[in-house]
Each structure stands twice: as C-alpha cells, then as structure tokens.
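Student: Model the structure of this input:
(chains A, B and C)
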Amino acid sequence: MIFKRHTILASWYWLSAIFLFTPILISIVYSFNVGVLGKQTARFTGWTWAWYPAAWHDVSLCGALETSFLVAAAATAIVVIIGPMLGFALVRHPAAKMRAALLGLTFLLIVVPEIVIGTSLLLSFAALQVPLGPATLIVSVTPGGIAVMALVVRARASTLDAHLEEAAADLGSSNLQTARLIIFPQLRPAILTGALLAYAFCFDNLIIASFLTTATTNTLPVYLYGSLQYQPSPTVYVAAGFVFMFTSALLGLAGLSWHLASARRSDLPKGIET
Amino acid sequence: MHRQRHAFIHFCAGIPLVWLGVVFIVPLLISVVFSFGTNTFGGITFGFTLDNYRTALSGLYLAVLARTIAFAAGASFTCLVVAYPVAYFIAGRTGWQRTLCLVLILLPYFSSFLIRVMSLQILFSRDNILDAWLQRLHFATGPLDLINTPVAVLVGMVYAYLPIATVPIFLVLERIPPALRDASRDLGASYWQRFLTVTFPLSLPGVVTSALLTIVPMLGELVIPQLLGGGRGVLMGQIISSQYLQAQNYPLGASMAVILMLIVGVLLHLSWWLGRRLEGRVR
Amino acid sequence: MTDASQSVSRRAVLQMLAAASFAASDRARAAPSLNIYSWPNYFSGNDLAGFARQSGIVPNISNYDSNDILFSKLNSASGAGFDIVIPSSSWIAVLRQHGLLQEIDPARINLSTLAPALLGRPYDPENRYSIPKDWGVLGVVYDPAAVGGEISTWRDFLDASERPGVSGKVRLSSSAWEVIGIALWLQGKDWNAVDADAIRAAGDVLRPFMKHVSSFDALDPNELANGTIVMAQSNQSVARTALMLNPKLHWVVPKPMSEIWVDCYAIARNAPHVDAAYEFLSYQLRPDVQLQETVAIGFPAALAGLRDKVEPGVAHFDMIFGGKNLDIGKLTSFVVNPKTIGVYLQTQLELQAAAD
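Tutor: Below is the predicted model:
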C-alpha cells in the first residue's frame, strides 16, 4: 500500500518533469532543422549544423544575447539586495497594516500588466529627460524580480521562529550580527532560489523591455518575439539552446552550493513522509 | 532593545519602498492619472472623466474581463493540482536527491520562455518530429490538432507556471516539523488522517502563495493566448495591450489596468483573510 | 573579516557591471556608427558586411515587432538615438503628423531607379519622408481540393469558409483593417474614407463567418502544408513557403480589391548620425544590393524592373512578386487615421471574441 502510494507520487513527479522538459528538448532538436527557405517549420525537413555558425555570425542576435545576459545579471544583483529585505519585512514588520500594505505592493508588482509598466516607464523617463540605455532597462525590470524574491523569502521566513531573533537581541547581538548569524543562514536557500527565479524573470522580460530597448540595447526576447512576425529562423533556437545550457550550468553550481550548505547545517532536513 | 530591532525592520521595509517608489509607484501613479484623462492618439489631455471606466466596464470589454477571471482561476487551480504532488514528492526526498528533484523542476524555467512557448506551438501542430517518432513506435494517435484551441492555452499556462507554483508549496512543506507528524502517528492517526489534519493544513500558506503567484500573472498574460490560442476568444492582457499600442489610447488602456489592479486587490484581501483563518485554525 | 571582504568583492562586481555598461554606450558614441530600428532579419548579412567594408560602419540594429512599438518609442521624449527606422506604409502618415520623421533631402538620394508604382503613394505623396524598402500584398492561399474550386473574390473566400472541410480551418489576419477590409471591399468602399458606422457595419457582415475561423495568429506555412489550415489570408512570402512545402496549394490576390503594404526607410527626427544614414540609404538603393536583398529577405525590393533581374533558378520566384500577373498599381494601402483606428480595433476584437 505504501509502496503503491509512493509509486503514484513518483510517477506524477516524473511525468511532470517530462512535461516540462519536452519542449526544451524539442527546441534543441529543432535548432538542427533545415526548415524551409531559412525559416523554422514544425515539419522536420532534415538535419543540419548550418544554423550554429549562422547564429554565431548574426551580429544582431549575438548583441541581443549579450545585452540580455548583462541586464539580467545586473538586475539580479539589485534584486538580491532589495528583495530579501522586502520578504523579511513582509513577515516581521510589527504593524499588521504595514505588512498588509507591503504585501499588497508586492503583488501589485506582479499583477500590473507589463505593458502598463513599460509605457509608464517610457513616459516617466521622457518626462524626466533620462536618456534610455542599459541602466534604464536594468532598473525597469527589477520590480518583478523583487516581487518574486520577496514572496519566496516570505514563504520561508514565515516558518522561522521569531523568538530566535529576539533571543539573539536579548543576548546583546547587534542588528547586523542577528541578520548575519541568525536570519541570513536560515533564509539562504530561499534567497538562492529567489535569485535564480529573479534572474530568469529579468532575462525573459519581453514587454517592458520592448519599450525600453534602444539602438544599442536590444534583448533576446524582443528579438525572438519580433522574429515571430516573419517566421523565425532556426538560428533563434540555437541562441535559446545556448541560454539554456548557460543557465543550467549556473543552476547546477547554485544547487551544488545549496546542497553543501544544507549538508553543513547540523539540522539536516528530514524528508516528509510520502 | 526592541526599539533597536524595530529600527532594523523599518530599514528592511524602507529600502525596498524607496526603490520601488521611484521605479514602480511613480510610473504607476502616472497611469492612474492617465485613466481619468481624455485620449489624443498617442497622447493625453489631462482632466477628470470617468468615461474610460464606463467604456472599460461595458459590452465586449466587460465580457472579456469576466472570461479572463474565469480562465485564470481555472488555469491556476489546474496548475496547483499538478504542482502540489510534485512539491510533496520533492519534500519527501532527502539530501542530494531533494536538491536534484527541485532543480529538475526549476530547470525548464531557465530556458527562454518564448522559445518554450514556440516549441509548444510546434508540439501542438501536426507533423512535428515527436509525432513522427511516436508513429514509428506505433503510438500513432492521429492528429490532436490542439493548436489554436482554449485547451492549448490552458496547457500552455499550466506549463509556464508549474515551476513557480511548486516552489512556495515545497518551501512550506519542507519546514513542517516532522515531530508534529510523528506525534500524530503516535496518537494512531493513519497516513491520510495525518496528511489531512497535519501536513495539508500546515502547507496551506504555501498553497495560497502559489495560487496568487499563478493567478495574478495569468490575468495579464499576453503571449500564451496569442501564440497557442490563435488569438481567438481574447483575454484582458491582449485588450489592454491593443489599447496602448495599436489604438494608442493610453487613458482607456490605463483604466483597464487600474480595474485589473483592483481585482488583484480583492484577491489579496481574500487571501489575507483566508490566511488569518488558517492560522487561527492551526493554533 | 571574511564577510567584509565578501561584501567588498560584491561591490566591486557591481561597479564592474556598471562600468561595463557605460563603457559599452561610450564606445557606441565615439566610433562612427549608425543605429537602425527595424523588423528582425530585415537586412541580408552579406549586404551589411558589404556596407561595413565600404564605409567602415557596422550598424547597430535593434528590433521591434509592430509599428505601434516603433511609434511609441519615437513618440517618447527620451528618444532612443535611432537614425534609420522602417515603418510600414500604414503608419508613415501618423509618424509624419507627429513630427517624428525628418525630411529626406532629395539631393542626397537617387530615387529614379525605383518602381514608379511604389513612389508618390497617398501616405507620402512626394516621398519627402519615406523611401520604399520592400512590399507585400494581402492575398489568400488555399487548398483547392478542400475549398472545392478556385477562389477569385473575397465573396468566394467567405462562402468557402462555410464548407464542411474548410470550417474551423481558416486563418484570418490579426490586423484589424485586413479583416474588416474584406467586407468593405465587397461593398465597394474605400477603407481609408469610411466612418465609424461603416466599419461597425462591415464587422456585422463578417461576424457570422467568425465561427469558421481557427486562428488570427501569425501564419505558420507548415499548418497550410499539412492541412491544419486549408484557407488563409496571407502575404506572398509566407504563401511562397507554403507552396514549396505543398505544391497543391493555390495563391490569389482576390478581387475586387486588396492591399499592398510598403515598408519604408525613414530617418528619425533628431537622428544622431544623419550622414551615415544617407550613406546607408544610397548603398541600399544600389541595384545589385536591391537584388540581393530581395532574394535574402523574400520580399521584393523597390527597384524598377526587378522581376526581370532575379535569376530563374530562385524557387517560386514569381511568388516573391505576389504572382505572375499582379498589377500592384491597382491595390490600396491602408493609412492609420487616429479618428477611426480605435473603431477598427474594437471591431476586430469583437470579431476575434466571436470566433471562440
């Protein structure tokens, strides 16, 4: 009986994983598709390597890829600093009204249609005479990332024992010490998860970015979406495959460090019964 | 001592407020002001009129709004039903297995979203390579013709938001002290009793977070219905976008956005109220 | 100690990132450069390389996916430093009225080699703001076996959509005017002259047919080749790909009227590199470049007599020009009118909603 229950659960998990991975594998397979007249087609018309050198030599595509990496990395750096603060305040702020307001703000960050943020930011930058560039794009994609980070941290922080922090304070620990020695270690897995999610969120942003790109700052999603108008070339699948490999490696490293960190913790988490 | 502690928390709340105030609230307020103005193609005459709201809440637009809410709720629910066992399974692993299982679910999220939707488009279309392989293995089912149907949009939504729905549930499940279940077991509770009386209620905050994290962006989703649904039976995101872009009618687009934000406000309030009830019951 | 050094290195990383981004924009400003804002994949790599060899300039190209985004970007006071933009014929008048384009100096550019049918069109009668780059037509690509014969008018198109093998396998354009145009043309009306009531009435004519439509999305030629879609509004380029995949398909530009759109070179107001822009335009208008661009992009450039210059070896080369006997002079171009575009759009949304 227990065996059967576990089997069903495990099958459910693995089916979901396959469901999630199939399109990615398909996108990699289709980066080798000959296509028709240089355009991608659902019918697989033959295998070729040709799109790989073609992608490498496509200046616009490579430029877009480079900008996307830069923007996502810089935005994530900002999110990692600000997001956890918000997430922690969401749980620990003494005033219930303030907590509710902060939570409202956090969800507002996610719900406001990106098109509204995009146009509003474009209008604001115009009103303030701020020239568009990499910096304005980076700043503009942070709110969504901050929201993701804050919510992940909040989910974790809400299960923490506030008495620990109070005890530390009572024992004469300064705020910084408490944050570093008590709060941060407990939130670390959540911050790491949040950072990765925020990175993907910032990297993938399409609509806000499409309003804030400039002649020298074009991102991959904007390029991809535009190419859909005229049937994309298989080279965009090459670029996407590269992004996936790169971020997978990043994630692998993060997962490893998380695993090592949690192994070092004395209270090795015990699995819940399944 | 407490004052010092409060200073820390105020700092934690203050920095994000300042940052978000500048890069988010101010632009948003501009939109709210816009929603009361009058349209001049690609520009605006400021003033105070409720005409935009009247338009946004009538006829076609109201119907689309209702349809969007129903669709997002259904898609979010489906997503949670899929995500909960996944999170539960991961939380049941230990050590490196747990890390690996979590990473596997999150990994697809790190491939470009658009490319994944484009691949789904290929997968939902006839004659794709997977079809060909399945046919060779004699699993041929005939053409599914999923592309350009509401089902395709639903599958696409579940697909896109499954990782993000899994994480909060997992994070909460992981923190449930095993002692609680052990105690329940010692008192003679069966597996299902333990799940229903201990694990599930304690995981509900995570479920509520997941629900919000999925339903909220689904309300404004733009790309999935366009690419997988063939642009039939439009959703709110498409309508707002077309007001802002094709019609260059910022005031009407802004008023629709404000309405969407109000709906989220209601949802938030609901979840907050739900969260308090849940906490009350557990304690 | 460790923590202090960690935070220092973190700060250093941030500074490096910021420095790198500023350095990148500095570099762009210093070197001779040219900023193009265009649809993706809209210039052949060979020609860009040729221009770089001739002028020493490697253009920065960034992309938009709709004219609306182009308008929003140019309409913003922040500006984005664009030199050359590629608006479609439909939006040129609006861009011009908002003062977002600068006048092209006729002395610095030679338009005499271009096809007369593409010059002096209503959206820019004297070509003071736009130079045709390439063009496309609105037609119908269909499977005669499913449709049960030939389609020659938009009436045939609507009637065919009701047939059992066709219903649910029809694709319409996502562009409001291309859909509503069907009814307006059948009524003998000019889509640039109609008022709001006429547009809504046209929508009413089309509404009963919406239940047969399966998609308003970008057309995938493969769906036409494999029968997911058997009849579609399309431009000639996608139709050409579909015909290559499935030679049984037919292509027609239906009567009594249909659309020609022209994507045009234009120079943005406040363009920072005007000289480079003219150099690029002159290069692009060279006959040999026009020919290469045509083959690479799959849409015909504006050069006069271009059809005779394309080598016969190019597959379905007639289709690049919209078919064998197409007279583009008889087709109409849509011009966005701020007064009616909202009505067009709302009508289209109603039609799309009715399709579900």
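
Student: Contacts only, for residue B:129.
Tutor: Residues near residue B:129 by C-beta atoms under 8 Å, 6 or more residues apart in numbering or on different chains: A:26, A:29-30, A:44. C-betas here are computed from N, CA, C, even on glycine.

Student: typo on my end, residue B:46
Tutor: Under the contact definition (C-beta under 8 Å, 6+ apart), the residues listed for residue B:46 are B:33, B:37.

Student: Let's see that with 10 Å instead.
Tutor: Contact analysis of residue B:46 by C-beta atoms under 10 Å, 6 or more residues apart in numbering or on different chains lists B:33-34, B:36-38, B:251.

Student: do you know how far it is from residue B:250?
Tutor: Using C-beta to C-beta, to the nearest Å, one gets 11 Å for the distance from residue B:46 to residue B:250.

Student: same check, this time on residue A:49
Tutor: Note on residue A:49: its distance to residue B:250, by C-beta to C-beta, is 48 Å.

Student: Settle it for me: which of these two has more neighbours?
Tutor: residue B:250 (27 against 10; other C-beta atoms under 10 Å in any protein chain shown).

Student: Please name the nearest non-neighbouring residue to that one.
Tutor: Counting by C-beta to C-beta, 6 or more residues apart in numbering or on different chains, the nearest residue to residue B:250 once its immediate chain neighbours are dropped is residue B:34, at 5.2 Å.

Student: how close does that neighbour get to residue B:7?
Tutor: Here residue B:34 is placed at a distance of 38 Å from residue B:7 (C-beta to C-beta).

Student: who's more crowded, the two?
Tutor: Neighbour tally, residue B:34 and residue B:7, criterion other C-beta under 10 Å: the higher count belongs to residue B:34, 25 against 12.

Student: ok, now which ones touch that one?
Tutor: With contact taken as C-beta under 10 Å, 6+ apart, residue B:34 is in contact with A:116, A:119-120, A:123, B:44, B:46, B:52, B:250-255, B:257-258.

Student: Let me know the helix or strand that it is in.
Tutor: Taking DSSP states H and E as the criterion, the element that holds residue B:34 is helix B:26-35.

Student: buried ones in the following helix or strand past that helix?
Tutor: Past helix B:26-35, further along toward the C-terminus, the next helix or strand under DSSP H and E is strand B:38-40. Neighbour-count burial for strand B:38-40, with 16 or more other C-beta atoms under 10 Å in any protein chain shown as criterion, is recorded at residue B:39.

Student: Give the pairing partners of strand B:38-40; include direction for each.
Tutor: The strands that strand B:38-40 pairs with in its sheet are strand B:43-45 (antiparallel) (by DSSP bridges).

Student: Give me the contact list for the partner strand.
Tutor: Among residues not part of strand B:43-45, those counted as contacts by C-beta under 10 Å, 6+ apart are A:123, B:30, B:33-39, B:248-251, B:254, C:75, C:98, C:338.

Student: and the longest helix for chain A?
Tutor: Secondary structure assigned by DSSP state H gives helix A:59-92 as the longest helix of chain A.

Student: can you give me the offset of it from its chain's centre?
Tutor: Using C-alpha atoms, centre = their mean, to the nearest Å, the distance from the centre of helix A:59-92 to the centre of the chain it belongs to is 8 Å.

Student: Show me what counts as buried in it.
Tutor: The neighbour-count criterion (16+ other C-beta under 10 Å) identifies A:60-61, A:63-65, A:67-92 as the buried residues of helix A:59-92.

Student: Give me the angle between the host helix or strand of residue A:246 and helix A:59-92.
Tutor: When secondary structure is defined using DSSP H and E, the element that contains residue A:246 is helix A:235-264. What separates the directions of helix A:235-264 and helix A:59-92 is an angle of 30 degrees, with axes from the mean of the first three to the mean of the last three C-alpha atoms, to 10 degrees.

Student: Show me what the mean pLDDT comes to for stretch B:26-38.
Tutor: Per-residue pLDDT values over stretch B:26-38 give a mean of 87.

Student: try stretch C:306-315
Tutor: In this model, stretch C:306-315 has an average pLDDT of 82.

Student: Give me the distance between the two termini of that stretch.
Tutor: 16 Å (C-alpha to C-alpha, to the nearest Å).

Student: Repeat that for stretch A:52-67.
Tutor: Distances were taken as C-alpha to C-alpha; on that basis the terminal residues of stretch A:52-67 are 20 Å apart.

Student: quick one: low-confidence parts of chain C?
Tutor: For chain C, residues meeting the criterion pLDDT under 70 lie at C:1-31, C:77-80.

Student: longest strand of it?
Tutor: When secondary structure is assigned using DSSP state E, the longest strand within chain C turns out to be strand C:131-142.

Student: Could you identify the helix or strand that succeeds it?
Tutor: Scanning the chain past strand C:131-142 towards its C-terminal end, the next helix or strand to appear is helix C:144-147 (assignment: DSSP H and E).

Student: so how far is that next one off the chain centroid?
Tutor: Between the mean C-alpha location of helix C:144-147 and the chain-wide mean there is a distance of 29 Å, by C-alpha atoms, centre = their mean.

Student: What of stretch B:215-231?
Tutor: In terms of C-alpha atoms, centre = their mean, the gap separating the centre of stretch B:215-231 from the centre of its chain is 11 Å.

Student: and what of stretch A:193-206?
Tutor: Taking mean C-alpha positions (C-alpha atoms, centre = their mean), stretch A:193-206 and its chain are 2 Å apart.

Student: Need the contact partners of the one helix or strand residue C:318 maps to.
Tutor: Element membership for residue C:318, per DSSP H and E: helix C:317-320. Contact partners of helix C:317-320, identified using C-beta under 10 Å, 6+ apart, comprise C:134, C:136, C:139, C:141, C:236-237, C:239-244, C:251, C:294-295, C:297-301, C:306-307, C:310-311, C:314, C:324-326.

Student: Most widely separated two among the contacts of residue B:46?
Tutor: In the contacts of residue B:46, the most distant members under the criterion C-beta to C-beta are B:33 and B:38, with 12.1 Å between them.

Student: Quickly list what's touching both of residue B:46 and residue B:250.
Tutor: With contacts taken as C-beta under 10 Å, 6+ apart, residue B:46 and residue B:250 have B:34, B:37 as neighbours in common.

Student: Tell me the residue of chain A that sits nearest chain C?
Tutor: Nearest residue of chain A to chain C, counting by C-beta to the nearest C-beta: residue A:215, 3.0 Å away.

Student: neighbours of that residue, just the number please.
Tutor: Residue neighbour count, defined by other C-beta under 10 Å, stands at 26 for residue A:215.

Student: Next, give phi and psi for the closest residue to it other than its chain neighbours.
Tutor: In space, residue A:215 comes closest to residue C:35 once its chain neighbours are excluded; the distance is 3.0 Å by C-beta to C-beta, 6+ apart. According to degrees, to the nearest 10, the main-chain angles of residue C:35 amount to phi -110, psi 120.
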